[in-house]
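1. pasting the sequence and the predicted model now:
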Amino acid sequence: MKKLSVFISFLLFFSSCNKENMNEGVNEERMVPVRFELSMNSKTRSDFNDLLPNGNIQWGNSKNVEYIYVSIPYKCSYYVQGVGTITLGELLEMKAEIDEPADKLVFTGEVPSNNLQNARQYHLYYFGNNGQGGEGSNITNYHSSYKNILIGKTISFARQTGDIDDLGNYHLAKIKVKAVPIKDNDGIVQSFELVADDLQNINSIAKLDLTGETSLGGTATELQSFTLLWNTSTKSFDEIIENVPDATIDVSDNSGRNSYISLLPNDDNVYLECSKGRYEFVDGIGRNQLYIGSSADDIDDARPLHWE
C-alpha cells in the first residue's frame, strides 16, 4: 500500500506544478465529437452474460448512465523549470445514457482534433457502474492541476456486499479500439469513430457461502485494487494491481450462501479463507472466469465453492 501511494504521489507531483513555471508546448486545438458504439450481444458485451445466465450483471446505475475511458498517450506537453518538458496523457471520459433496453450502447465525448490518430490503437477501460467516481464510491480519480486533466483511476475491491446486483460496481474490463476520423470534403476532421476488438473482462467472480462472516481473507484477497495511471517517465499508462499483504475483503453486509465476490487475476497458487475453512485456486485466478462448486440451469441454484 505504501509503495503504491508513494508512486502515485511522485507522478502527481510532476503534473501539479504551478503554471508560473510552465511554458505550454501545444496550442489549443479545435474540439470534435468522438463516438463509440458497443453492441449488447453476448459475444461483445462487456459483462458476464456467457457465465451468468439471464444477464444478472446489467449495464446502468441509479442515474441510468455508464462511463468508459479511453487512454490517450498524448494530450499536451509543458516545460517545468528545473525538471524539463513534461508530457501528459489523458483518460478521455465518454458517456452513454440508458433510458430503456437496447441492442447497443452509444458512448460520446469530445477530444481535440489532433489527439487521436487515424488507425492508431488505443485502450478503452470500463471501471464498473461507479466508473465516474464520487464520494462514497469505490473509485478514486487522479487529476493533473494543469487544465484539470484526468490522468488516472483506481477501482477498489476491498469492500463488497456479495449481492449479485452489486457486482456491476466491481466490474473491470478493457478493450482495444482504433480511431477512425470522419472528414469533410476539404479533408478536415469533423469527428472520430472508435472501432473495437473483443472486450476482455479483467476480474473474475467466485460464488461463496459467507453466512455469518464479516471478513474474507487469504492470499487471493491481497490484490485489493486496480489502478490505471499516467507515467511521466515512460510517457505511457501503467496498469498497477495493488498487493497488500494480509489484506482482507470486508463482507459484513454479505448475502449469505449466495454471495458473489469479484476477484482480480493472479497467476500464483492462491486461496480464500474465512471461519468456515479455505478454498484453494491451484492454478491461480484467471480473467473472465466464474468459480462455483457445481453448475446448474440457474446461477442461484449453483452450489458455492466448497470450504475445506
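-> Received the coordinates, thanks. Note that the structure is a prediction, hence the values are computed from the model and not measured.
2. switch to C-alpha atoms for all contacts and neighbour counts from now on
-> Fine.
3. please name the nearest non-neighbouring residue to Asp253.
-> Leaving aside its sequence neighbours, Asp253 sits nearest to Thr161 (C-alpha to C-alpha, 6 or more residues apart in numbering; 5.0 Å).
4. my read: that neighbour touches Asn254, true?
-> Yes - counting by C-alpha atoms under 8 Å, Thr161 does reach Asn254; the two are 4.5 Å apart.
5. more neighbours: which of these two?
-> Neighbours per residue (other C-alpha atoms under 10 Å) separate Thr161 from Asn254, with Asn254 holding more: 24 against 20.
6. just for the protein, where's the confidence low?
-> Low-confidence segments of the chain, defined by pLDDT under 70: 1-28, 40-63, 100-103, 119.
7. name the residue closest to the centre of it, please.
-> Relative to the mean C-alpha position of the chain, the nearest C-alpha, by C-alpha atoms, centre = their mean, is the one of Phe127, at 3.0 Å.
8. now the residue nearest to Asp253: which helix or strand?
-> Under the criterion of DSSP states H and E, Thr161 resides outside all helices and strands.
9. residue contacts, it?
-> Applying C-alpha atoms under 8 Å, 6 or more residues apart in numbering to Thr161 gives the contacts 251-255, 259, 261.
10. what does Leu172 give?
-> The contact partners of Leu172, taken as C-alpha under 8 Å, 6+ apart, are 125-128, 201-203.
11. rewinding a little: so of the contacts of Thr161, which ones are in strands?
-> Judged by DSSP state E, strands contain the following of those: 259, 261.
12. output the contacts of Thr161 as TSV; include the columns distance to Val80.
-> Shown next, in TSV, are the contacts of Thr161 (distance: C-alpha to C-alpha, whole Å):
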residue	distance to Val80
Val251	46
Ser252	48
Asp253	48
Asn254	49
Ser255	52
Ser259	51
Ile261	45
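13. re the thing from before, ok, of the contacts of Leu172, which come out buried?
-> When burial is judged by neighbour count using 16 or more other C-alpha atoms under 10 Å, the buried members of the contacts of Leu172 are 125-128, 201-203.
14. could you find which two of these are furthest from each other?
-> Comparing every pair within the buried ones among the contacts of Leu172 by C-alpha to C-alpha identifies Tyr125 and Asn203 as the most remote, at 12.6 Å.
15. pull the longest strand from the chain.
-> With DSSP E setting the assignment, residue counts place strand 65-80 as the longest strand in the chain.
16. and Pro33, what does it touch?
-> Per C-alpha under 8 Å, 6+ apart, neighbours of Pro33: 108-111, 190-192.
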